[in-house]
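K.L.:
Could you look at this predicted model? Sequence included:
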Protein chains: 2
Amino acid sequence: MTRNGRDRVDNPEANGQVRASVCGEADHAVLSAHEALAVVLQIRAGELCVLLWRRALPPCEGEWALPGGRLGAGESLGASIRRQLAQKVDVRDLSHLEQLETRSDPDRHPQRRTLATAYLGLVPANIDPVVPADTGWHPAALLPPMAFDHASIVRSGHHRLRAKLSYTNVGFALAPPEFTMSELSGYYRAALGHDVAATNLRRVLLRRGQIEETGRSVPSGRSGGRPAALFRFRTRGLEITDAFAVLRPPG
Amino acid sequence: MTRNGRDRVDNPEANGQVRASVCGEADHAVLSAHEALAVVLQIRAGELCVLLWRRALPPCEGEWALPGGRLGAGESLGASIRRQLAQKVDVRDLSHLEQLETRSDPDRHPQRRTLATAYLGLVPANIDPVVPADTGWHPAALLPPMAFDHASIVRSGHHRLRAKLSYTNVGFALAPPEFTMSELSGYYRAALGHDVAATNLRRVLLRRGQIEETGRSVPSGRSGGRPAALFRFRTRGLEITDAFAVLRPPG
DNA sequence: TCAAAAGTGTTTAATGTACACCCATGC
DNA sequence: GCATGGGTGTACATTAAACACTTTTGA
């Protein structure tokens, strides 16, 4: 992947590890570059998509990468990824953000030792953030050629989303503020990768107290049909609504 | 990941920054100290305990801390925590190790910016690793005064263990190779914090295919009683045995 | 009146807890 | 025999998937 001199300009210490003396503390701290990355997912046109940008320069020129970048001074990883998503890809409307995992394979970056902490970010289905020209949404099920270990990070984020849809109210982060049950079942289908019957989803989420009726409904379309009731999530913060049915305390 | 120069534009606020001047190269990489920590848990005398060591020097002198330390050159975080547990606290018999989370609060370390990636490590109940004098096991439910954010990391690890006991076979990592059901229910009780009926635990774990009978049994004690059958976990690697009962694919 | 989409009722199945009862052993 | 701890059988509750049926609308 390395094939011209510009690599050195961007990534000089191609030698992996870096030592530095910090704050007058005469120790042998091993310092490493650290970046925050985000798997930003959104349901678009009935399909789960991930936000990627195309690398214009080596390494991995032409391949697609997760948005993110280096951790700033005095910045937590969570603040860092929020800042970078806002600045670089103009995504400010995250309905949910959580840490996924930290990748530390010494060979994950071909030129220099770089640790990456990945986040899972969700954007509700109703909005369409403007993103730069080199940035776009790709189906999570059909990823383009991707840089570094980013493809496996996307799969990790997708896996986390699927799991959490089963035992938390994280659906609030995929859906717009109000929705019909058939719309919501479409979001679940896209995220889970299999059909979700709207009729049963309604009962499950109502029983768990995740959603409630707004009292309003949307008129039926040209082809007729009963008007659909509008629902909303009762809270728009993550809650575990289905503590595991097993091994629960007696009584 | 250097995003084609945007990093420089976006990160002008890099003051107070730990900058490494390396090899005479003026690079903009923000480097930070990174350490791996481990929440090592074991059931000891019917109680869930965590391995801690007592700090002899400031900061947080006299408080208790998680084992771990700085990431070495060319070392992944997982390899690093394994090495440090073996070298520093002589723990080599981890039955399970998984990444928990990365802490990055700029103020988490009073003296210098330090990121920490925490792991959850489990030691089976039958062994008793020799640990240094300044190191000891403490009940996870009654933690001593702890350094930095380590107390909350322990709680995070305990929470992870409780959750995984419900839907994975992670019990294999708490139990010795063979065990009676009443012993196993004791481990579950210690880890979960509530009673677990051995009779039902047996059926649940058998139905899920997690455990199997060895065919042997242990003689009853002085007070009599039927001899207890010996069981073992069918696999000693982590498996999800109870995919969530909800929102599963049709068919 | 008919088609279409939404919503309700009911059946079936899986899972897990509680609890009564039976079994095997030591004394 | 009988106390003790282990093991089995069974009743009950909860959950949710499947599917037939009813309701409400547009044309």
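P.N.:
Perfect, I can see it now.
K.L.:
List the buried residues for stretch A:177-194?
P.N.:
For stretch A:177-194, the neighbour count (16 or more other Cβ atoms under 10 Å in any protein chain shown) marks A:179-181, A:183-192 as buried. (Glycine included, C-beta is placed from N, CA and C.)
K.L.:
Same check on stretch A:90-110?
P.N.:
Neighbour-count burial for stretch A:90-110, with 16+ other Cβ under 10 Å as criterion, is recorded at A:91, A:93-106, A:108-110.
K.L.:
can you map out the helices along chain A?
P.N.:
A:6-10, A:77-88, A:150-167, A:181-192, A:198-207 (DSSP state H).
K.L.:
any chance of those helices in JSON lines, plus mean pLDDT and distance to DNA strand C?
P.N.:
Formatted as JSON lines, the helices of chain A follow (pLDDT from 0 to 100; distance: least, Cβ to the nearest atom of the strand, whole Å):
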{"stretch": "helix A:6-10", "mean pLDDT": "27", "distance to DNA strand C": "51"}
{"stretch": "helix A:77-88", "mean pLDDT": "94", "distance to DNA strand C": "33"}
{"stretch": "helix A:150-167", "mean pLDDT": "95", "distance to DNA strand C": "13"}
{"stretch": "helix A:181-192", "mean pLDDT": "96", "distance to DNA strand C": "4"}
{"stretch": "helix A:198-207", "mean pLDDT": "95", "distance to DNA strand C": "4"}
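K.L.:
Of all these, which one is nearest B:Arg155?
P.N.:
The minimum distance between B:Arg155 and these falls on helix A:77-88, with 18.8 Å, by Cβ to Cβ.
K.L.:
list the helices and strands that closest one packs on?
P.N.:
Packed against helix A:77-88 by the contact rule (3 or more Cβ pairs under 8 Å, 6 or more residues apart in numbering or on different chains; DSSP states H and E) you find strand A:30-44, strand A:68-70, strand A:96-103, strand A:114-122, helix B:6-10.
K.L.:
hmm, back to that, out of the helices of chain A, which is closest to DNA strand D?
P.N.:
Set against DNA strand D and scored by Cβ to the nearest atom of the strand, the helices of chain A come closest in helix A:198-207, at 4.1 Å.
K.L.:
what sits against the closest residue to A:Gly74 other than its chain neighbours?
P.N.:
Leaving aside its chain neighbours, A:Gly74 sits nearest to B:Pro106 (4.8 Å; criterion: Cβ to Cβ, 6 or more residues apart in numbering or on different chains). Neighbouring residues of B:Pro106 by Cβ atoms under 8 Å, 6 or more residues apart in numbering or on different chains: A:74-76, B:113.
K.L.:
Swap in 10 Å and give it another go.
P.N.:
The contact partners of B:Pro106, by Cβ atoms under 10 Å, 6 or more residues apart in numbering or on different chains, come to A:71-76, A:79, B:16, B:32, B:113-115.
K.L.:
Can you lay out those residues as CSV showing neighbour count and distance to B:Ala175?
P.N.:
Below are the contacts of B:Pro106 laid out as CSV (neighbours: other Cβ atoms under 10 Å in any protein chain shown; distance: Cβ to Cβ, whole Å):
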residue, neighbour count, distance to B:Ala175
A:Leu71, 29, 40
A:Gly72, 20, 45
A:Ala73, 16, 46
A:Gly74, 14, 45
A:Glu75, 22, 43
A:Ser76, 18, 38
A:Ala79, 16, 41
B:Gly16, 10, 50
B:Ser32, 24, 39
B:Arg113, 25, 40
B:Thr114, 19, 35
B:Leu115, 24, 34
